[in-house]
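Q: Pasting a predicted model and its sequence here:
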Amino acid sequence: MGRPCSAKSGRQLSSRFRRTAAAWGLLPFAVYTFLFLAVPTLIAIGTGFFDKTGSFTLSTVAALGDPVVLTTFANSFWLSALTAVIGAVVGAIVCYSLLGTRPDGPLRVTIDSLSGVLAQFGGVMLAFAFVATIGIQGMITIYLRDTLGVDIFTDGVWLYQTPGLILPYIYFQVPLMIITFMPALQALKPQWAEANATLGGGAGTYWLRIAVPVLLPSFLGSLLLLFANAFSSYATAAALVSQGSQIVPLQIRAALTSETLLGRENLAGALALGMILVMAVVMTGYSLLQSRAAKWQR
């Protein structure tokens, strides 16, 4: 009679030990998240509602309605949306093309490895690569000008303005789309295509009535992730656009380095608060879409 009780107690102790060990294992990540995500977020929110003397004020937050700030947010929105759409479409096409290759084949392995590297290739390195390639004295620029008589800078130095950020952003948006959307395509079950064929459906019926509805939440979720990725990018823009503050991250930089901007020293906190609100909405939508997509990937 004592053995079953002893075995049950042993299982309970073992289960309790595993839960405790898992909790301690998550502690470093929890501390990291608190120090580098929660604390900066709270500081950004706090500085947006308090002046330099520590008094509560709404004047700094009211600066978000300034035409200059609104234009900056509009620039960030269209730049992020454009590069997200292009990156999502191109990345989805690449993912579809890879479906016909072996998962452990050299082509799939090479593209997966390159996508993992290029999705994180940004900042000063990426800016230098584009300057050296298509800058005013870049390799391709000089070749086109001296060989074909084509000057890609006839309308100004567009590479160092907001439109010049489109190509660098697409450069890391496409690999990120491949990483995030490929698992959804791989999760399409062959039985669905077989059932469609058995019922007399063709390829068009399969994609319109089965594959696209199943893949749409994953595609939209990846699109939102790409938007958030571009909206929060700073280093590449800061390295290319040294003059002006055309997008929100650069406007925050200007607010931090200029105490006279709009006469509000805590404007950076208000701008950060605006970015946090946008990111919160985007990531909430991403989480909802991913939870919906996960139902079909089980």
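A: Nice, thanks for sending it over.
Q: who's in contact with stretch 128-138?
A: 139-141, 152-153, 157, 159, 164, 167-168, 171, 239-240 (C-beta atoms under 8 Å, 6 or more residues apart in numbering). Every residue, glycine included, has its C-beta placed from N, CA and C.
Q: ok, the residues you listed vs residue 110, which is closest?
A: Among these, residue 171 lies closest to residue 110 (C-beta to C-beta), at 17.6 Å.
Q: Show the model's pLDDT score for that closest one.
A: Predicted confidence (pLDDT) for residue 171: 93.
Q: for residue 94, what are its contacts?
A: Counted by C-beta under 8 Å, 6+ apart, residue 94 has contacts 111, 174, 177, 178.
Q: would you turn those into a markdown table with distance to residue 200 and pLDDT?
A: What follows is the contacts of residue 94, written out as a markdown table (distance: C-beta to C-beta, whole Å; pLDDT from 0 to 100):
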| residue | distance to residue 200 | pLDDT |
| --- | --- | --- |
| 111 | 36 | 92 |
| 174 | 37 | 95 |
| 177 | 34 | 95 |
| 178 | 34 | 95 |
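Q: For those, name the two members farthest from one another.
A: Counting by C-beta to C-beta, the most remote pair of the contacts of residue 94 is 111 and 177, 12.2 Å apart.
Q: Settle it for me: which of the two has more neighbours?
A: residue 177 (29 against 19; other C-beta atoms under 10 Å).
Q: Not counting its neighbours along the chain, what's nearest that one?
A: Of all residues not flanking residue 177 in the chain, residue 91 sits nearest, at 2.6 Å (C-beta to C-beta, 6 or more residues apart in numbering).
Q: hmm, back to that, list just the nearest of the contacts of residue 94 to residue 25.
A: residue 178 (30.7 Å).
Q: I'd like the distance between that closest one and residue 194.
A: 27 Å (C-beta to C-beta, to the nearest Å).
Q: What of residue 216?
A: 22 Å.
Q: So for these two, which sits in the more crowded spot?
A: With other C-beta under 10 Å as the criterion, residue 216 and residue 194 differ in neighbour count, and residue 216 comes out ahead with 14 against 10.
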